[in-house]
Each structure stands twice: as C-alpha cells, then as structure tokens.
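Colleague: sequence and computational prediction follow.
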Amino acid sequence: MEASDHIHRHPGPSTSGPVEAFVARWQGRTGGQERANYGMFLRELCTALGVEPPDPAGDPETNDYVFERVVKERARDGATTSKRIDLYKRDCFVLEAKQSRQKGGDKEVKGQADLFAADPQQQGRRAGPPGWDVLMHNARSQAENYVRLLPKAHEPPPFVVVVDVGHCFEFYANFRRDGKAYDQFPDRRSFRVYLEDLRSPKIRERLAAVWANPMSLDPAKESARVTREIAKRLAAVSKALEAEGHPAEEVAMFLMRCLFTMFAEDVELLPKQSFKHVLQRCEADPSTFQHDVGQLWEAMDVGGYAHAIRTQVVKFNGEFFRRKTVLPMGREEIGELRQAASYNWREVDPSIFGTLLEQALNKEERRKLGAHYTPRAYVERLVIATIIEPLREDWSHVLGTIERKRAEAAQFPPLDPRRESALADARKLAEAFHKTLCETRVLDPACGTGNFLYVALELMKRLEGEIIDAVESLGGQERATWLDKQNVDPHQFLGMEINPRAAAIAELVLWIGFLQWHFRTRANPPSPPILQAFKNIQIKDAVLEADVSLARDASGRPITRPGPDGHPMEVYAYKNPRRPEWPKAEFIVGNPPPSWEANISAKGLGMSTPERYGPPILR
C-alpha cells in the first residue's frame, strides 16, 4: 500500500448504493442558490460516508460541529467583524464551500466568473477552465484565515477542506497543528478528489477519517514504524558482516547500495519486485549472491542489460554504484535483506531514516537503535520558521501580482490578445519565482545523516507543487517542459559532516527523499542518469580546518592514548589551523553538535543570510 493510501478504517456505508445515489444527484447540477446547496450537499455527503452530520444550529460561537460557525476578526483600530466558517468541526477541519459555475451566487468572487468558459457541461468533469483554480485558491486562503481566527482554546485543526459543490474537494493538511502552513494532502497528484472518485472505497475511507479521526491520516506515524523495523534488520546484517572481519565502512557502503536498490524497485525505476526475486534465489543458493548482485549494480552504474533481472535498466550512476563491491553473505543474512526488501520503501521516512541507519551501522550505537533521534516535529518547526515562512511570504507577494494580472485578463473576452498578454505576464511571474526557488540553497554545517536537509527539501517540494499548480491554472500546461529543465533537487541542499559514513547516508537520504516526492507529484521517472554526483555533502569540519597528520614521538613511532573502550587510539597533530570556507547559501539550518552548544544558546540553529549573500528572495 502506498503512503498516500494509509487510511485507518472508519464506519461507513456497507455498499456503494448511497454513494451512487449521491453522485448521480449532484454531479453536473447547475443553477440554484449556492448557500442553500452547500449545506444540503454536505449533509448528504455525510450520509454517503456513514459519518455523523453537523449538529443543529445552536449558539454558533460555541458549537464545535456546525454550519456557519462565527469567528471574530479584529481590525487594527480595534473594531471587530463577524466571519462565518461554512462548516467547522473542532479538532478536524475548517471547510469553505464554493459553487464554481454559479454566477451571482452569495459567495461569488466578483471578476472571477468571467474567467470561466461558459459551458455548463463542464460541471462535474475532472478539469475546469483556468479561472476555476483562482476560485479554489481564494477559498483556500479564506479557510486558512479562519483557522487563525479560531478561539485560543481551539487548537488549529489538522485539515482545511475546500469544496466546489457538485464537483470536487481539495484537502490540505498540517499535522503539526500550528495553524501556519497547510500542504496538499496526501500530495499534489491526489489532494483533489472529484465527485466520481467517491466510488473508490479508499477515497471514501480517507474522507470519513477527515471527518472522524483526522490524525489517523498522519503518514509520519506509519513511516516511523516501517523505518524502525527496516533499521533493526539492517543492524543484524551489519553485525554479522563485521563479525566476519569486513571493515565497518565497507559494510556500510555495501548495505547502502542494497537499500537504494530496494527503493528503486518499489518506485519502479527497476521492475517491481525484481531485486526481491534476486534475493529469494540467492537465499536458496548463497553462492550466486556476489555474481548476481554485482552484475545488477554494474548495469545500474552505466545503464544496460542486467542478466540478474533479465531486463534493460536505466543509467543510475551517482556515487553509490561506482564502487560495486558485493560482500559474501550466508543464507540467514540474505534472508534479512529479503525481509527488508519486502517493506514498501515508498513509506520510509527519510527524516528519521538517516539517524536510524547510522545507529544500525555503528557498533557503538547499535545497542540503542531507535532510542533517540531529533524528532521530525522539532526539525519542521525550525525549518519552517527559518526557510519556509520567508519563502511563502515572497510567494504571497508574487501571487498578489498574479491575481491582479488575472483580473486584468478578465476584462477582455476570450482570444483577445490583451487577455492572452495579461495571462502570459502572470505565467512569467510564477515561472520566475519557481526558478528562484530552484536556485535557493540551504546549508547544514553539521548535517549528520541529513534529516534537517531532507525536511527542508520536502517542504520546498511542497511549495514547488503549489507554484506548478499556479502556472498550469494560467494555461501553462503546454509549457510543462520547463519542469524537466529545472526543479527543486538535492544539489540545493548542502552539508558539511566530519563523519564519512554519516555524510554518505545524508546523500542517500536526500536522493531517496527527492525521488519519493518526484513520484508523488509526477507520473514519469526523471531523466537518466537518475543519480548525479553533485558533491553537495562535503566531508569536513565546519569549525576547524588544518593540516592533519599522525602525532609521532621522538623515535618516529605513532603516539597513542587509551580510548573510551580502553583500547589504544592514535593521536593526531593539527598544524596550520584555520577557519574553513563554508559553501554559499541563502539559508543555514541545523542541529549543532554537542561541542557547539557552549557557544549557541538555542538547541537549534536557523538563519537566513541575505546580508552575506544578497537580497532576500524576490524582495
């Protein structure tokens, strides 16, 4: 089951009869008053889903599940005005309803209706004319503003829902529940649910969960469980290989190649289950393991025919498959790898995977596997405050200009050159911001296994999805080729790390995370080579650079001292100490190592660097 399909079951209709009746009754409906329609539409939706309908209207300021929930907005002069949430359920969602093709309705946004192609047959189809996205975007902004107006005693709900009555639903989630940024849920390809999609039991279960138990949809919970289980299996394999005398670094790189191969088959960069079948054969006959896996990796490195899986494979390249060493393994260890390959690697959470993998591969850390890692919620809070909020503020300014261009276009009839010119100008603004986003660099000067960098990548990919939607809503679908030329990718996420194994894991984490988001948002695989050697993770000390050599005594013998385990450790001499040069970046973020904490008051480090590297983004 894919990550986007992780849904906890809730009571619902036992047959699709009520759903078919609901779809038939509402699909393609035009005319009437929107305010009368949306309440009826949503009540009947609740019946079709098998969830409780809203409560009868009582005190609209205290009811926790009600239509027309009143919230207060305070102006700068202290005056307050009442706003009404179309449907509110405490701890679940804020819902804003529109009826897109109803000119003159109570909730019509003036100037937008003329952007629609006046074709009543469009209602209920899976796509609408360009102006439809304007309506939905404005409704989303309105709903997010209502979240900020909720009483202080009400924690921000995990969902914002936008409904085009009789046509579709859009879902945006924030499981942090800080009320700040709501992202497309579960991803850009499937956040929009059309009326006919309700025929799918999985879709109905998702909607029922939004109504009844929205936090059960948080993908991080299942991802964390799967990631821990995989790490435990890898720890067992790593321990066995080291016991046979293989160097720890060689074991680590070998297992990382195995892991990426498992991931590649689950996202179908390799044929589905092909590597798993190789492992099954090798488990039966371990003597074939080195030959079959080695030949597969040779093909993945350069592209070509892979005899082990009997098919042509694309060129992966990057750093992972240049070294193709395959360690000999016994039946039991191959079985552990096969079990690890049986998990759905689309569900692995890169934000904690790196730390757990480092613990699995490190003899000293293995015994406390999973005992500690920087929680994702903590990482997100820091990344959002440092990076995403400034970027979203800049995007908001650009969107304001785009909306003015849309309004200008609405003054002219279809095919009028002035209309096309205004929309083209709006597209250029969105594409220019996208270009800037793709050139925005994030540096973690003590990146460890890359969890801060991955979270930054994920959140920037989410923002990128919104920008792409804006371009397409302006008629830019035919220009989608610009996405193949430039998109948010690992080259922007820069790290410095003194531990070579952690640095290699950080690179693996970024590539897995990037490819996960690629396949969640786009149908086709990236162009080969799939992996590129960006050299974005540098193995170096961010605090001190020096000419390092073994310290020797007067007779030239290496000097040693007792290590933490009592065994002798080599002593190194540091000559010509100097401040290292850091890569240039627009944002710096991370979790400082213990040696830095004496000089940094906060647990986390986050800053933007406009003074050092130029003006803020598009400001």
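Modeller: Cool, got the structure. All of these numbers come straight from a predicted model, not from anything done at the bench.
Colleague: and stretch 511-529, how far out from the chain middle?
Modeller: How far stretch 511-529 lies from its chain's middle: 12 Å, per CA atoms, centre = their mean, to the nearest Å.
Colleague: ditto for stretch 399-408
Modeller: On CA atoms, centre = their mean, the centre of stretch 399-408 falls 28 Å from the chain's centre.
Colleague: go through that stretch and flag the buried ones.
Modeller: If you call a residue buried by 16 or more other CB atoms under 10 Å, then stretch 399-408 has these buried ones: L399, I402, E403, K405, R406, A407, E408. Using the backbone N, CA and C atoms, a C-beta is placed for each residue, glycine as well.
Colleague: before we move on, what about stretch 525-536?
Modeller: For stretch 525-536, burial by neighbour count (16+ other CB under 10 Å) applies to P526, P529, I530, L531, Q532, F534, N536.
Colleague: same deal with stretch 437-452?
Modeller: Within stretch 437-452, the residues scored as buried using 16+ other CB under 10 Å are 437-438, 440-452.
Colleague: returning to that earlier point: among the buried residues of stretch 399-408, which two are most distant?
Modeller: L399 and E408 (14.8 Å; CB to CB).
Colleague: would you turn the buried residues of stretch 525-536 into TSV with distance to P156 and secondary structure?
Modeller: Listed next are the buried residues of stretch 525-536 as TSV, based on distance: CB to CB, whole Å; DSSP: H, G, I helix; E, B strand; the rest coil:
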residue	distance to P156	secondary structure
P526	35	coil
P529	43	coil
I530	39	coil
L531	39	strand
Q532	39	coil
F534	37	coil
N536	35	coil
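Colleague: which residue ranges of the stretch 101-250 of the chain form helices?
Modeller: For the stretch 101-250 of the chain, the helices defined by DSSP state H, counting those that start in this stretch cover 130-149, 201-212, 219-243, 248-266.
Colleague: and those helices: which comes nearest R578?
Modeller: helix 248-266 (27.4 Å).
Colleague: name the next helix or strand downstream of that closest one, please.
Modeller: helix 274-284 (DSSP states H and E).
Colleague: got the contact list for T560?
Modeller: Counting by CB atoms under 8 Å, 6 or more residues apart in numbering, T560 touches P568, M569, E570, V571.
Colleague: out of the residues you listed, the closest to D547 would be?
Modeller: Looking across the contacts of T560 and measuring by CB to CB, the closest to D547 is V571, at 15.3 Å.
Colleague: which ones among the buried residues of stretch 437-452 map onto strands?
Modeller: Mapping these onto strands (DSSP state E) picks out V442, L443, D444.
Colleague: in TSV, list these along with pLDDT and distance to R338.
Modeller: Formatted as TSV, those follow (pLDDT from 0 to 100; distance: CB to CB, whole Å):
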residue	pLDDT	distance to R338
V442	98	37
L443	97	39
D444	96	34
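Colleague: adding distance to P558, write these out as JSON lines.
Modeller: What follows is these, written out as JSON lines (distance: CB to CB, whole Å):
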{"residue": "V442", "distance to P558": "40"}
{"residue": "L443", "distance to P558": "35"}
{"residue": "D444", "distance to P558": "34"}
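Colleague: and these, which is closest to S238?
Modeller: For those, the nearest to S238 is D444 (25.3 Å; CB to CB).
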